[in-house]
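Participant: 3D, please:
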Amino acid sequence: MNKGNSALQNSVNRAVSEMLADGTIDRLGKKWVGSNYQMARYIKKGEEERN
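Facilitator: Prediction:
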C-alpha cells in the first residue's frame, strides 16, 4: 500500500477493526497460522508500538 493512499489505508484499517471486534482475525489466524498464534494480540501490539 502506498503511503499516500489514505483512502485505501482507511478502508483496510476499518476492515481490520471490524474483524478484530467480531473475532474473525483470531479465527483466521488459528486456521491458517496455528492454534497458538494470537493474531489480534500482535495487531494491537503493533498499533501500540506505532503510536
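
Participant: all helices for this protein, in order.
Facilitator: With helices called from DSSP state H, the chain shows them at 6-22, 24-32, 39-50.

Participant: Need the ones you listed in CSV (columns: mean neighbour count and mean pLDDT).
Facilitator: Every C-beta, even on glycine, is put in place using the N, C-alpha and C of the backbone. Putting the helices of the chain into CSV (neighbours: other Cβ atoms under 10 Å; pLDDT from 0 to 100) gives the following:
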stretch, mean neighbour count, mean pLDDT
helix 6-22, 12, 93
helix 24-32, 14, 88
helix 39-50, 12, 81
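
Participant: Now do the contacts for the most centrally placed residue in the chain.
Facilitator: In the chain, the residue lying closest to the centroid (Cα atoms, centre = their mean) is Val16, at 4.5 Å. Val16 makes contact with 25, 43, according to Cβ atoms under 8 Å, 6 or more residues apart in numbering.

Participant: and it, how far is that from Val33?
Facilitator: In this view, Val16 and Val33 are 16 Å apart by Cβ to Cβ, to the nearest Å.

Participant: And Ile25, by the same measure?
Facilitator: Distance from Ile25 to Val33, by Cβ to Cβ: 11 Å.

Participant: just Gly4 next, same as before
Facilitator: In this view, Gly4 and Val33 are 31 Å apart by Cβ to Cβ.
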